[in-house]
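Q: Fold the following, please.
(one chain, ligands or ions: 1)
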Amino acid sequence: MSFKPGDVNLGDPDQLLEVGLPPHEYLAVLRREAPVHWNPAPAKPIGGAFALDKGFWVLSKWEDVNMASRETDRFSSWLGGPLIYDPKPDAPAGSPYALDGIRSGLMGKDHPEHTAYRKLVSAGFTPKNIAKLEPMIRLHAKRIIDGIRDADDAEFVFQVAAELPMLTLCEMMGIPQSDWHQFFTWGNQVAMVEDPTIDALQVNMELWGYCQSLVEQKRKNPDGSMLSNYANKEIDGERLTDAEINMFCVTLAIAGHETTRNTTAHVIRLLSEHPDQRALLLEDLPGRLPNAIEETLRYSPPVVQFRRTATCDVELRGTHIKAGDKVYISYASANRDEDLFEDPDKFDILRSNADQHLSFGAGAHFCLGSTLARLQLRTILEELLVARPQVHVSGDITQLRSIWFNGMLEMPVQFAAAEPVGL
Ligand code: HEM
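A: Below you'll find the predicted structure:
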């Protein structure tokens with residue numbers, strides 16, 4: 001199919017399911033012909049918890065996505081929030097679907113509030129503290145893989161990929177084991193913001209109420225968990241408010257879950273589609289796995305975009321962006337920018353600059369969980385590919401209907417070697 005700018009509406013989840021999610025061929029046309037492109041609001045409602053009734057500028061070049069992520073004075077996360085959606089007029093004040101609720105989270109703040117808040121929550125995510133979690137993460141990963149050690153087949157997304165991120169979060173936050181299953185269900189549901197069948201507001205209120213009661217418990221019985229520290233400790237004389245702690249829990253339930261799960265699934269999907277790359281990887285699994293993960297993040301980012309809002313008039317590549325305009329920063333496109341990545345549509349686990357992808361963002365809002373995500377991905381994939389090196393996709397994949405996440409709802413796999421094509 002040959003595209004021209006305007007042929008695909010990046011705000012229409014149904015069209016994306018048809019043309020490709022992310023629509024890489026279309027994004028290549030934008031980079032070439034309209035690197036700062038006006039995408040009007042989609043004609044029909046997107047469904048789910050948000051509306052999308054205003055159009056936006058799409059930035060598709062790596063340099064521009066990087067610049068807009070870093071130049072927080074001109075491209076704000078606070079003004080319109082970091083999500084490309086528009087709040088519905090009836091979204092309850094303070095909820096994660098109303099602008100004031102979004103702004104109370106870390107992602108929805110600008111400097112100096114963002115810097116102060118990030119300092120308070122970042123202690124749990126330093127490389128030193130994340131390294132301490134490795135034995136716990138390894139234990140869970142081994143148990144998950146033990147569950148499929150003798151299996152012939154499985155549904156990969158929920159049976160294998162989803163568990164580790166959620167269990168890690170439960171452990172880090174000090175959630176009692178009896179509540180893990182419930183937290184897992186909430187986590188799955190809050191990430192599906194465009195699913196009209198889920199009452200996202202209700203789920204969020206339940207999750208919010210649960211976090212609140214947990215914070216109270218941690219005040220009575222501190223246990224050294226991350227949540228307990230947030231609830232009890234002052235950092236430089238500052239303490240997080242209950243609303244900030246609760247909003248941070250909701251953020252983690254979305255940000256720390258869907259993303260790592262889908263990247264795990266994308267690695268297996270891509271190895272199935274590229275047997276030569278699987279062979280290369282298995283020749284030296286510990287040595288090559290970290291770069292294979294970076295290349296997967298570049299090639300198939302689990303989060304395809306975030307939003308900024310222009311704080312002033314901006315001239316970019318000859319196009320005038322007005323103060324107040326919405327700006328869509330396309331990680332999916334930036335990661336395939338031919339100015340930076342040679343042969344960008346090739347999946348190459350030995351690519352020397354794979355880690356220059358922007359899948360974790362850039363600048364002040366750079367993903368707080370990147371070290372944790374990389375550790376989880378390395379651990380589960382090592383365990384899996386040692387135990388079941390030939391795991392491969394064996395049927396149709398069901399993609400998540402979303403303009404935000406490049407996710408999967410179902411991916412059937414078999415564990416024995418695939419039959420060579422043609423035999
Ligand atoms: C492969 C996995 C992941 C990907 C691709 C990813 C992607 C991203 C991106 C693109 C941003 C930047 C948002 C912006 O600029 O507006 C971000 C921010 C963030 N991520 Fe991740 N993420 C991942 C895993 C995680 C995990 C495991 C956690 C925590 C458990 C986490 C927590 C956060 C938080 C708290 C922020 C907000 C940082 C801030 O605003 O200062 N992420 N992530």
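Q: Who are the contact partners of the residue in the stretch 251-400 of the chain that the ligand sits nearest to?
A: Per Cβ to the nearest ligand atom, G369 is where the stretch 251-400 of the chain lies closest to the ligand, at 2.0 Å. Where you see a C-beta, it was placed from the backbone N, CA and C, and this is true even at glycine. When contacts are counted by Cβ atoms under 8 Å, 6 or more residues apart in numbering, G369 touches F125, L252, A255, G256.
Q: roughly how far apart are the closest residue to A417 other than its chain neighbours and L282?
A: Nearest non-adjacent residue to A417, counting by Cβ to Cβ, 6 or more residues apart in numbering: Q390, 4.1 Å away. For Q390, the distance to L282 equals 9 Å [Cβ to Cβ, to the nearest Å].
Q: rewinding a little: so which of the contacts of G369 sit within helices?
A: With helices taken from DSSP state H, the overlap with the contacts of G369 comprises L252, A255.
Q: For the contacts of G369, work out which two are farthest apart.
A: Distance extremes for the contacts of G369: the farthest pair is F125 and A255 at 11.4 Å, using Cβ to Cβ.
Q: So for those two, which sits in the more crowded spot?
A: A255 (22 against 18; other Cβ atoms under 10 Å).
Q: Please list the residues of the stretch 1-150 of the chain that sit near the ligand.
A: Applying Cβ under 6 Å from any ligand atom, one finds that the stretch 1-150 of the chain approaches the ligand through S69, S77, P82, L106, M107, R118.
Q: I'd assumed V391 was in contact with I145.
A: No. Applying Cβ atoms under 8 Å as the test, I145 and V391 come out as separate, 10.2 Å apart.
Q: Find the residues that touch each one of those two.
A: Contact criterion Cβ under 8 Å, 6+ apart; residues shared by I145 and V391: L384.
Q: So those two - more neighbours on which side?
A: Taking other Cβ under 10 Å, I145 and V391 do not tie; V391 has more neighbours (25 against 20).
Q: Need the pLDDT of that one.
A: Here, the pLDDT recorded for V391 equals 98.
Q: can I assume it is in contact with I380?
A: No. Between V391 and I380 there is no contact under Cβ under 8 Å: 11.8 Å.
Q: which residues sit in contact with the spatially most central residue of the chain?
A: Nearest residue to the geometric centre of the chain (Cα atoms, centre = their mean): T259, 3.6 Å. The neighbourhood of T259, defined by Cβ under 8 Å, 6+ apart, consists of P165, P302, V303, A373, F405.
Q: Let's have the residues of the stretch 1-150 of the chain next to the ligand in CSV, adding secondary structure and pLDDT.
A: CSV is the format used below for those (DSSP: H, G, I helix; E, B strand; the rest coil; pLDDT from 0 to 100):
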residue, secondary structure, pLDDT
S69, helix, 98
S77, coil, 98
P82, coil, 97
L106, helix, 92
M107, helix, 95
R118, helix, 91
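Q: Show me how to select, in ChimeraX, the buried members of the residues you listed.
A: To isolate the buried members of these in ChimeraX, using 16 or more other Cβ atoms under 10 Å:
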select :69,77,82,106,107,118
